[in-house]
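> Give the three-dimensional model of this entry:
(one chain, ligands or ions: 1)
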Amino acid sequence: MSLKDTLRSAQPESSGPLVEVRNLEKHFYDNDNIIDRLLGNGPVSIRAVDGISFNIHRGETLGLVGESGCGKSTTGETVLRLQEATDGSVQFRGDRVFEMNGDDLSEFRRNAQVVFQDPYTSLDPRVPVGQTVREALDIHNIGTKTERNERVRDLLERVGLSEDQFDRYPSEFSGGQRQRIGIARALALNPDFLVLDEPTSALDVSVQAQILNLLADLQEEFELTYLLISHDLSVIRHICDRVAVMYLGEIAEIADVDTLFESPKHPYTKALLESVPRAETAERDRDIETLQGDVPSPRNPPSGCRFRTRCPEVISPNSMDIDQHVYRELMHFRELVENEEISVHKIAQDAGISESATELDSREQKAFVETVKDEVLDIELPSSHESTVNDAIAHLVDEEWERAATELRSEYESICETSNPQLTDDEQPVACHLYK
Ligand SMILES: Nc1ncnc2c1ncn2[C@@H]1O[C@H](COP(=O)(O)OP(=O)(O)OP(=O)(O)O)[C@@H](O)[C@H]1O
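Down below sits the predicted model:
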């Protein structure tokens, strides 16, 4: 039996998705060392991946897209069991990956490989590239050394290098060539499944398309299944069949690639698409609603829908007649009150209230309220909302934070804050209260 046949026979066929991810969680912990414990600091969890589910079908490319820090790489590494999951399950060809050991685990490691982002750091500068590509064959003790070297030479040619580059060192290759070596290394054991973690983002734009085309050709030739992680929507569009959009450890939307680009549902997907620069002049001048601010910290994610602090379509309470911009400002204001982040003393000074005043007369009270509105609430408040907001602000004079917050909450709380939407169970699953 040839070495290729040996590798091929290890892969029995079965029906169903190749990879099934269910409620996957990966939390990291800060303040978890002995010094922190001695100082009495409790561990703080970082919810990098917080309960995500998706399938990857045989032969397809599923894209995982989202801003930096939303948990894409942690997802890829946890699916491959390079990181230990906190909870949830991954099935590969129907077998539970987190329960594998011995031969099962070794078989899974042969079948599920990774290509990393940075071809500069992922190759050992002291090892000739042929040896690097051969390493996995050596570890799994596959074939004779001559057969292994022959396979490596084949692979180098297949990824667009030449077999006589076997004994060269990584420093002798360009970035694109090094990524080709990384791909050859990932293919050595004839895997079924590759996680491609930002495979082109460290490369020059001119080389990116060549690597993506190579990945597409290899997928067809070797019937590969890909999970492609990228923050770059043009890369996603170029190569993916379906796309899962990730935000702060959760999945916001899953759709096939054309549907996602032509009719996105989730406000986050829409904002991501809007933030891509357009080539056409007419399009360049459009009124772009880009993403405001940064992704909140996964140490303390927002309640309810995680995107609601940046969402342009937050749902206001039933039948409230209020402009979206005003509503978001009021939500932000309430958060400042809840977190006691308004400098009451400075505002009292700015309002001309004497430090020694124990009780304010109605003129001072009014001046305080107006100064808070001027300095903190950066909007023209419609008259129908004046009295609720003024009453709440008046409580801040006596630093009655909770009372002020309760009044604002009772009037302005949104379902987007109180309930975390789950992915719908339909053709284009989306996790947003607008699509119940
Ligand atoms: N080993 C770790 N210890 C603590 N926190 C971590 C660790 N690895 C990742 N994180 C945190 O988990 C969150 C998700 O990180 P991750 O790298 O998975 O995101 P990403 O979407 O791949 O972003 P990027 O594109 O920047 O790599 C981030 O807040 C990150 O700081």
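> Verify the contact between C311 and G304 for me.
No. If you go by CB atoms under 8 Å, C311 and G304 don't touch, sitting 10.4 Å apart. C-beta coordinates here come from the backbone N, C-alpha and C atoms, glycine included.
> which of those two has more neighbours?
Counted by other CB atoms under 10 Å, C311 and G304 do not tie: C311 has more neighbours, with 23 against 19.
> can you pull the contacts of that one?
By CB atoms under 8 Å, 6 or more residues apart in numbering, C311 lies in contact with 267-268, 305, 416.
> Show only the entries of those found in helices.
The members of the contacts of C311 that map onto helices under DSSP state H are 267-268, 416.
> any idea which of the residues you listed is the one closest to G63?
Among the ones in helices among the contacts of C311, Y268 lies closest to G63 (CB to CB), at 14.9 Å.
> Might you report the residue contacts of the residue in the stretch 301-436 of the chain that the ligand sits nearest to?
The stretch 301-436 of the chain approaches the ligand most closely through P301 (10.3 Å), counting by CB to the nearest ligand atom. For P301, the contacting residues are 47, 50, 248-249, by CB under 8 Å, 6+ apart.
> Now go through these and say which are in strands.
Judged by DSSP state E, strands contain the following of the contacts of P301: 47, 50.
> what are the ranges of the strands in the stretch 101-250 of the chain?
In the stretch 101-250 of the chain, the strands defined using DSSP state E, counting those that start in this stretch lie at 112-115, 193-197, 225-230, 242-247, 250-256.
> shaky segments in the stretch 51-200 of the chain?
Within the stretch 51-200 of the chain, not a single segment meets pLDDT under 70.
> Isn't A392 up against E407?
Yes. Using CB under 8 Å, A392 is in contact with E407, at 4.4 Å.
> So between the two, which is more surrounded?
Neighbours per residue, other CB under 10 Å: of A392 and E407, the larger number sits with A392, 26 against 20.
> Need the pLDDT of G40.
In this model, G40 is scored at 70, pLDDT.
> In three-state terms, label the residue of the stretch 151-300 of the chain found nearest the ligand for me.
Closest contact between the stretch 151-300 of the chain and the ligand, by CB to the nearest ligand atom, is at P298 (4.7 Å). Counting by DSSP: H, G, I helix; E, B strand; the rest coil, the backbone at P298 sits in coil.
> list the contacts for it?
46-48, 50, 69, 71, 248-249.
> That one and I52, how far apart?
Using CB to CB, to the nearest Å, one gets 13 Å for the distance from P298 to I52.
> tally of neighbours for the closest residue to P429 other than its chain neighbours?
Computed as CB to CB, 6 or more residues apart in numbering, the closest residue to P429 that is not its neighbour in sequence is L423, at 4.2 Å. L423 has 20 neighbouring residues, counting by other CB under 10 Å.
> Do I have it right that L423 meets S53?
Yes. Under the criterion of CB under 8 Å, L423 makes contact with S53 at 7.3 Å.
> tell me, what's touching the two both at once?
Joint contacts of L423 and S53 (CB under 8 Å, 6+ apart) are I251.
> neighbours of the closest residue to K373 other than its chain neighbours, just the number please.
Setting aside the residues directly before and after it, K373 is nearest to L381 in space (CB to CB, 6+ apart), at 6.7 Å. If you count neighbours by other CB under 10 Å, L381 ends up with 15.
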